[in-house]
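Colleague: pasting a predicted model and its sequence here:
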Amino acid sequence: MILSIMLALSLVGAIEQVESGGDVNAIGDNGKALGCLQIWEVCFNDVKHYPEMKGYVYKDVVKRDVAYLVFKLYMKRYATEKRLGRKVTDEDRAKIWNGGPNGYKKKATEKYWTKVKEQMNGNKSTKNN
């Protein structure tokens, strides 16, 4: 379990670097994406029904702990073995984060995954802006 937590933190940390370079105040996509993980309101709305989200509003995603919680719950909802029909990989998770619930199937998420993978492998210069 500790290893899976470390791997998840490695993935979400890499995603954070690609999305915002670690800037919790980042605003992207013409104002539609907020915080270090560049969360859109539609993504927040997908997970706001979870009990862990009680009391949070969309603008709270500029707080790193809330952004990471949204990521965790989004993965809980969409990056599941049952849904994908096989074991879920970090590649699947990254592509789902970038391309929505079916992002793991989209060719358009390939470049994003390459950037995330580079971050996970120690290349700190990649940023998706």
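Modeller: Perfect, I can see it now.
Colleague: can you tell me the closest non-neighbouring residue to the most centrally placed residue in the chain?
Modeller: Residue closest to the mean C-alpha point of the chain, counted by C-alpha atoms, centre = their mean, is W97 at 4.4 Å. Closest residue to W97 apart from its sequence neighbours, by C-beta to C-beta, 6 or more residues apart in numbering: I15 at 5.9 Å. Heads up, the C-betas are built off the backbone N, CA and C, glycines and all.
Colleague: pretty sure that neighbour contacts A94?
Modeller: Yes: using C-beta atoms under 8 Å, I15 is in contact with A94, at 6.2 Å.
Colleague: overlap of the contact sets of these two?
Modeller: V116 (C-beta atoms under 8 Å, 6 or more residues apart in numbering).
Colleague: after the lowest-mean-pLDDT helix or strand in the chain comes which helix or strand?
Modeller: Across the helices and strands of the chain, mean confidence by mean pLDDT, DSSP states H and E is lowest for helix 2-20: a mean of 75. As assigned by DSSP states H and E, the chain's next helix or strand after helix 2-20 is strand 27-28.
Colleague: contacting residues around that next one?
Modeller: Contacts of strand 27-28 (C-beta under 8 Å, 6+ apart): E19, S20, A33, L34, Q38, N129.
Colleague: any chance of those residues in CSV, plus neighbour count?
Modeller: Output for those, formatted as CSV (neighbours: other C-beta atoms under 10 Å):
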residue, neighbour count
E19, 26
S20, 23
A33, 18
L34, 24
Q38, 25
N129, 9
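Colleague: of those residues, which is the nearest to N121?
Modeller: Comparing the contacts of strand 27-28 against N121 with C-beta to C-beta places E19 closest, at 17.2 Å.
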